[in-house]
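**Q** please find the sequence and the predicted model below.
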Amino acid sequence: MDNLTFGITMMVCGMGGTILTLWILSLIMTLLGKIFPEKKEEK
Amino acid sequence: MEQAIISGLQGLINGFLHLEWRCVVMIFVGLLLLWLGIKKECEPLLLVPIGFGCILVNIPLADVMAEEGFLRVIYNMGISNELFPLLIFVGIGAMTDFGPLLANPSTFLLGAAGQFGIFLTLALALALGFPKLDAVSIGIIGACDGPTAIYVTSKYAPHLLGAVSVAAYSYMSLVPVIQPPIMKLLTTDKERTTIMQTMKGSVSRTTKLLFPLVITLIGGVIAPKGLPLLGTIMLGNLMRESGVVSRLTKASENEIANVVTLFLGLAIGATMAGAAFLRPQTLIILSLGFVAICLDTVCGVMLGKIMRVLSGGKINPLIGAAGISAFPMAARVAQREGQKYNKKSYLLMHAMGANAGGQVGSVIAAAVMLSVLTGMGII
């Protein structure tokens, strides 16, 4: 694989993969925050 | 008799006779690192042992990095097999409170933008003619995360370990100097003075307990090659949040982290032998590391600006700069800069969220990178 193809693939898959993974995680954590809200006794 | 005395005396000057100019230069580099650590207090926990290791390895005929040398033993014990950075990660997980991030999970995205410098720098390194895996290791400086940089570099480009580690730790400590001009340059007065609302409510214990498990499972399935990084930081955090293994938590964040930091620093310093370190490519790596951290800041602030538009002006883009892994330094920089332009602006908790996102983001970015490399058959 030439360097140009490698570089572009890494940028697209790397940046895309990172933001997609963290977006999925943020959605899951938002959901979990709603399913398990802080209880009064915890406050 | 005379001959024996002369030979004996010659043994005492052999070291001086073998002292090459490169060794002398590297001894001064070691002294510079010690000065930065001791006098300027820039990452002293790492720079002091790195600086001393650098001096030790450049003293001729001592053979501290030979097969049986004590620095080689330490190197083999935890760098060549990537154990030390992982043990450090357990400690980082045990020390980090991800509460501000969980209170506002959208700041995860700022933690992603803060990693873009990794991939942009990788491309730059390739353009400058570095081989693929060397470019990967140079790019990882942009994670702004010492253990991640050491983990990836020791695995795929061990000959660059000294330069990459020194760049990663030096620039991390220079975040308060590097970031503010970029933050100012990329934002308008109106954006910088934006007051963000106080964060609503805190997070339940159940959510805090589920967080490390979700990250490990989802992150591990998406990017299995990075599981050692993800798994160790999340193990530390699970121990912290569970509250039932305080002895292990304390040991991870104190005794284990301290001992490993000492060994890690010494072993990294030991890779800085003059012949291997004093090459033009070291200077290029140090420059690219600087560029990587600047690009992280640029991408973070730019995403902050986009989020500001999408949120109807509720977000101060300065917190975008905190989406890197230098924790909690980057959050403090965002808070300080915010207050500089508007005394009523309190960005700290929001910036801490972005900063914790950067902590997770750097590990996820490294994990994604390793998995993409596996997918392409490069590793």
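**A** Yes, it's here.

**Q** tell me the pLDDT at residue 20?
**A** If you meant another chain, say so; for now it's chain A. On the pLDDT scale, A:Leu20 is placed at 94.

**Q** that's the other chain; I wanted chain B
**A** 91.

**Q** ditto for B:Ala4
**A** According to the predicted model, the pLDDT of B:Ala4 comes to 89.

**Q** neighbours of it, just the number please.
**A** Counted with other Cβ atoms under 10 Å in any protein chain shown, residues neighbouring B:Ala4 total 8. All C-beta atoms are positioned from the backbone trio N, CA, C, and that covers glycine.

**Q** please apply the same query to B:Val244.
**A** For B:Val244, the tally of surrounding residues (other Cβ under 10 Å) stands at 9.

**Q** is it in a helix, a strand, or coil?
**A** Secondary structure state of B:Val244, per DSSP: H, G, I helix; E, B strand; the rest coil, is coil.

**Q** how close does B:Leu120 sit to B:Ala127?
**A** Distance check for B:Leu120 against B:Ala127: by Cβ to Cβ, to the nearest Å, it reads 11 Å.

**Q** same question, B:Leu288
**A** When distance is defined by Cβ to Cβ, B:Leu288 is 10 Å away from B:Ala127.

**Q** neighbour count: those two, which is higher?
**A** B:Leu288 (24 against 12).

**Q** next, give phi and psi for that one.
**A** Recorded main-chain torsions at B:Leu288 are phi -70, psi -30, according to degrees, to the nearest 10.

**Q** surely it is in contact with B:Ile141?
**A** Yes - in this structure B:Leu288 lies within contact range of B:Ile141 using Cβ atoms under 8 Å: 7.1 Å.

**Q** shared neighbours, the two?
**A** When contacts are counted by Cβ atoms under 8 Å, 6 or more residues apart in numbering or on different chains, B:Leu288 and B:Ile141 have B:Thr121, B:Ala167 as shared neighbours.

**Q** quick one: the strands in chain B?
**A** Using DSSP state E, no strands are assigned anywhere in chain B.

**Q** what pLDDT does the spatially most central residue of it get?
**A** Compute the mean C-alpha point of chain B, and by Cα atoms, centre = their mean the closest residue is B:Asp145, 1.9 Å away. Note on B:Asp145: pLDDT of 89.

**Q** and what of A:Glu41?
**A** Looking at A:Glu41, its pLDDT reads 68.

**Q** list the contacts of residue 22.
**A** This is for chain A. With contacts taken as Cβ under 8 Å, 6+ apart, A:Leu22 has the following neighbours: B:Phe108, B:Leu109, B:Gly111, B:Ala112, B:Gly357, B:Val360, B:Gly361, B:Ile364.

**Q** correction: the question concerned chain B.
**A** The neighbourhood of B:Arg22, defined by Cβ under 8 Å, 6+ apart, consists of B:Asn58, B:Gly274, B:Ala275, B:Leu278.

**Q** up against chain B, what does chain A have?
**A** For chain A, the residues found near chain B under the criterion Cβ under 8 Å from any Cβ of the partner chain are A:1, A:3-4, A:6-11, A:13-15, A:17-19, A:21-30, A:32-33, A:36-39, A:42-43.

**Q** mind redoing it with 6 Å?
**A** Proximity of chain A to chain B (Cβ under 6 Å from any Cβ of the partner chain) is limited to residues A:3, A:6-7, A:10-11, A:13-15, A:17-19, A:21-22, A:25-26, A:28-30, A:32-33, A:36-38.

**Q** give me the neighbour count for B:Leu262.
**A** 17.

**Q** how near is B:Leu186 to chain A?
**A** Distance of B:Leu186 to chain A, given as Cβ to the nearest Cβ, to the nearest Å: 19 Å.

**Q** repeat that for B:Phe108.
**A** Between B:Phe108 and chain A the computed distance is 4 Å (Cβ to the nearest Cβ).

**Q** list the contacts of the spatially closest residue to that residue that is not a sequence neighbour.
**A** The shortest distance from B:Phe108 to any residue other than its chain neighbours is 3.8 Å, reached at A:Ser26 (Cβ to Cβ, 6 or more residues apart in numbering or on different chains). By Cβ atoms under 6 Å, 6 or more residues apart in numbering or on different chains, the contact set of A:Ser26 is B:Pro105, B:Ser106, B:Phe108.
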